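> Build me a model:
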Amino acid sequence: MARISFFSSSFIFHRHYLIMLSTIRRFGASSALRASAPRTLSARSVAQLPKWQAPASLSSLSAIRSLHSSPTLFSAEAAQAHAEQTEPRRHTEFAALGSEGIINENVIKNIIQPDRMNISTMTEVQSLTLNEIVKGNDILAQAKTGTGKTLAFLVPTLQNILNDPSIDLKALARRRRSAPTEIRALIISPTRELAEQIAVEAKKVAFGTGVIVQTAVGGTAKRAGLQKIQNEGCHLLIGTPGRLKDILSDPWTGVSAPKLNTLILDEADRLLDQGFSADIEEIQTLLPNPNEVDRQTLMFSATVPREVMQMVRQTLKPDFQHVNTVREDEVPTHERVPQKLVYLRGLENGLPALMDLAKSWQARREAGEDLRPFKAIAYFNSTAETKISADAFNNIRRTREFRDSNLSNLSILEINSRLTQQARTRSADSFRRATEGILFSSDVTARGMDFPNVTHVVQIGIPRDRETYIHRIGRTGRAGKEGEGWLFAHQGERDSMRRRLRNLPLGIDSTTLPSASADLANVTEDSPAFETVNQFKEAFEQVETGAKVASYMGQLGTTTGNFGDKRDAVQALNNLYVKGYGMPSPPEISPRVAQLMGLNRIEGVRVGNGMRSRDDSGGFSRGSGSDRRGGFDRGDRGDRGGFSRGGDRGFSRGGDRGDRGGFSRGGDRGGYSRGPRRALDEDFTNSFRF
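Next up is the predicted model:
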């Protein structure tokens, strides 16, 4: 007995010691002393113990598996026993939350009524987390995109705002404006599109409660969003890291959160993958000291890599709960969705092949096959390529032949970083509502964005890595509905594709799309590709030369990186420009860019005034005749941006730099905007002559 008592005492001492160390790191010594002090198990302290998690039938983890590495948590056996004793009642219907007084009746009506959101049954992640969030527990929730994570944190967060005793509920009922310092909850999202999507859902859920929802995202919406917060006040603020940091750190805005009680990191893995860790840490320094104002922190993520766990330990309380709804035996979306690989004769065959895919699908529907209307997202690796593709399809869509075809109801929409935030939001909303359509997109929609009834994801050109491919594919096959994935690749990209996309279930399709293998310069009338190829020839005649050059430059970095031989890459791009875009010869690039990319000695590259010329003077080419000074744009990072020069010559914040703040330079003087991490693959839009 004495020996048992000794080991019990040692365990308790060790446990308090680790709690104290963890608390010192996060809150300082004074809190550590309070946290490690002996105390009786009050209702509050019991609530802070590791809670029940999903049993094996609902989760890939054992009933109480926690990701926290500290031995402060129970052993597996003790945790299992604790789970059996404290397993709470799980709700599966939203109506029950209202009838039991857990969630405000107005909120429940907004969710379940047919003329509003019309959702009655809770998803697994909602059922497992909602009650615990209302109780004030810190949560790390792991769930796949499209499983209802947004409502899982919105509903209890709104309820906690309504439960806040410092908020005047009568004033809320009268819809009176609040001060811009009344923020109670903050949601951080990795992209503008996702932040706007969350805000739309939040306003639906909060309708009639008086809770004021605002957004803080980059682009042209910055000033308008700030003015709304200043004029109307805010209780729930949703934004991207850079813009939130700008607003909260600038005293002039008058926006602060001295009473914040909830911090939510949505798509936490993507936030860290895009390099927002430093911004998030800085934002937390602008929030109330958690030692003085108790704060609940929620992290929702599709995956939990090491980087996410590091932030978990720095941000969440030591007794956080981990809820995992991703089953180990569940087939991932990227393995469940049928995927096909089409090798293109040339880069110029990509868009005609996409048109063939749409025509073939609609023809099968007309022949009686039970297929949903064609609704696709086409992903490109550069912003300029996204734009020119949408322009070409829109030119075809305006023709009489197209209006009389089986694709007459096809919407053509576009999302990329060059569009204003208002235009991007409008395109996203239109595509959600569309029954048939193609959304031409860069990677800003690849994660977190929810578009219903997407039948196809088409990736034109191999993505920069396996993760990007998988997340793009995840836009289809959602909510139990079947979808397909297609990858269009050039033969010269074979080696890169094998390295990046290993172990993916890609089956080669060489027969379905006749335009994929056609020689666009020599298509005869008896060819099945004849009609489609001619459509694009006429369409590209109407596209501005500047857009064609921008697309060529935008693909220059990507293509030379994807091909094993730079000479083959340059030849493929030149064919795209001449055969696909209908131009007499490839564009010239600046000597400096050619030198930086190692292209100044490559046959087929037009540098300066002729082929394969060199310029050892350095600097960017200044272009010709239009006061353009070269520079380049690395494209579409989502919401990080970089430096972009436009407008006047003075410095101004924002622009389309995304959500990292920084300077945007005036004039037509070049500069650059940062693009996707690990990729020099975007638009050298100003470094050319034509």
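
> quick one, domains of the protein?
40-324, 334-526, 545-563+580-689 (automatic domain parsing).

> As a markdown table, those with mean neighbour count and distance to N574 would be great.
Every residue, glycine included, has its C-beta placed from N, CA and C. Putting these into a markdown table (neighbours: other CB atoms under 10 Å; distance: least, CB to CB, whole Å) gives the following:
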| stretch | mean neighbour count | distance to N574 |
| --- | --- | --- |
| domain 40-324 | 19 | 34 |
| domain 334-526 | 19 | 10 |
| domain 545-563+580-689 | 20 | 4 |
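
> Tabulate these in TSV, adding columns for mean pLDDT and distance to A572.
As requested, the domains of the chain are arranged in TSV below (pLDDT from 0 to 100; distance: least, CB to CB, whole Å):
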stretch	mean pLDDT	distance to A572
domain 40-324	80	30
domain 334-526	89	5
domain 545-563+580-689	57	6
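
> Let me know which of those domains is the nearest to F536.
Taking CB to CB as the measure, the domains of the chain were each checked against F536, and domain 334-526 came out nearest at 5.5 Å.

> Give me the distance between the closest one and the centre of its chain.
Using CA atoms, centre = their mean, to the nearest Å, we find the averaged C-alpha position of domain 334-526 to lie 18 Å away from the chain's own average C-alpha position.

> Hmm, G437 is touching I377, no?
No: the pair formed by G437 and I377 falls short of the contact definition of CB atoms under 8 Å, at 9.4 Å.

> N106 is in what secondary structure piece?
With secondary structure defined by DSSP states H and E, N106 is part of helix 105-112.

> ok, and what's touching that helix?
Among residues not part of helix 105-112, those counted as contacts by CB atoms under 8 Å, 6 or more residues apart in numbering are 94-95, 97-98, 116-120, 151, 155, 158-159, 204-209.

> In terms of secondary structure, what does the helix or strand that that helix is followed by contact?
Beyond helix 105-112 in the direction of the C-terminus, DSSP H and E gives the next helix or strand as helix 124-134. With contacts defined as 3 or more CB pairs under 8 Å, 6 or more residues apart in numbering; DSSP states H and E, the secondary structure elements packing on helix 124-134 are strand 139-142, helix 149-163, strand 321-324.

> end-to-end on stretch 360-380?
Taking CA to CA, to the nearest Å, stretch 360-380 runs 22 Å from one end to the other.

> Could you tell me whether A376 really is in a strand?
Yes: counting by DSSP: H, G, I helix; E, B strand; the rest coil, A376 falls inside a strand.

> Surely it is in contact with Q459?
No: with the criterion set as CB under 8 Å, A376 and Q459 do not qualify as a contacting pair; they are 10.9 Å apart.

> still on that earlier bit, need the helices and strands packed on helix 124-134 in CSV (columns: distance to T476).
Converted to CSV, the helices and strands packed on helix 124-134 look like this (distance: least, CB to CB, whole Å):
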stretch, distance to T476
strand 139-142, 22
helix 149-163, 18
strand 321-324, 24
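
> which one of those lies closest to P452?
Nearest to P452 among those is helix 149-163 (14.1 Å), distances taken as CB to CB.

> Okay, angle between that closest one and helix 105-112 too, please.
With axes from the mean of the first three to the mean of the last three CA atoms, to 10 degrees as the basis, helix 149-163 and helix 105-112 are set at 160 degrees to each other.

> by contact count, what packs against helix 149-163?
For helix 149-163, the contact count by 3+ CB pairs under 8 Å, 6+ apart identifies helix 105-112, helix 124-134, strand 139-142, strand 185-188, helix 192-206, strand 236-239, strand 262-266, strand 296-301 as packing neighbours.

> and G564, what is it in contact with?
The contact partners of G564, taken as CB under 8 Å, 6+ apart, are 492, 495-496.

> one more time with 10 Å
G564 makes contact with 492-496, according to CB atoms under 10 Å, 6 or more residues apart in numbering.

> all strands for the stretch 501-650 of the chain, in order.
Listed in chain order, the strands of the stretch 501-650 of the chain (DSSP state E, counting those that start in this stretch) span 506-508, 588-589, 606-607, 610-611, 644-645.

> Give me the distance from the second one to the chain's centre.
Average the C-alpha atoms of strand 588-589, do the same for its chain, and the two points are 34 Å apart (CA atoms, centre = their mean).

> which non-adjacent residue is nearest R345?
If you skip the residues right next to it in sequence, R345 has S517 as its closest partner in space, 5.0 Å away by CB to CB, 6 or more residues apart in numbering.

> What does the one you found show for phi and psi?
In terms of degrees, to the nearest 10, the main-chain angles of S517 are phi -110, psi 0.

> now do F374
When quoted as degrees, to the nearest 10, the phi and psi of F374 stand at phi -70, psi 120.

> what secondary structure does the closest residue to it other than its chain neighbours sit in?
Among residues not flanking F374 along the chain, W361 sits closest, at 4.5 Å (CB to CB, 6+ apart). Of the three states, W361 takes helix according to three-state DSSP.

> from now on call the first residue 264
I'll keep to 264 as the first residue from here, and by that count the last item is W624.

> which residues are common contacts for A639 and Q722?
Shared contacts of A639 and Q722, counting by CB under 10 Å, 6+ apart, come down to W749.

> related to what we said a few turns ago, figure out which of the domains of the chain is closest to A802.
Taking CB to CB as the criterion, domain 597-789 is the member of these that comes nearest to A802, at 4.0 Å.

> sorry, back to before: quick one: which of the contacts of G827 is nearest to A784?
Within the contacts of G827, the smallest distance to A784 is 18.4 Å, found for G755 (CB to CB).

> dump the residue contacts of the closest one.
With contacts defined as CB under 10 Å, 6+ apart, G755 is in contact with 606-607, 609-610, 822, 825-828, 830-832, 834-835.

> hmm, try it at 7 Å
Applying CB atoms under 7 Å, 6 or more residues apart in numbering, one finds that G755 lies in contact with 826-827, 831-832, 835.

> so where do the helices sit in the stretch 614-763 of the chain?
With DSSP state H, counting those that start in this stretch as the definition, the stretch 614-763 of the chain shows helices at residue ranges 646-660, 663-666, 684-696, 729-736, 757-763.

> Could you do the stretch 764-913 of the chain as well?
Assigned helices in the stretch 764-913 of the chain, in chain order: 793-804, 808-825, 829-838, 854-859 (criterion: DSSP H, counting those that start in this stretch).
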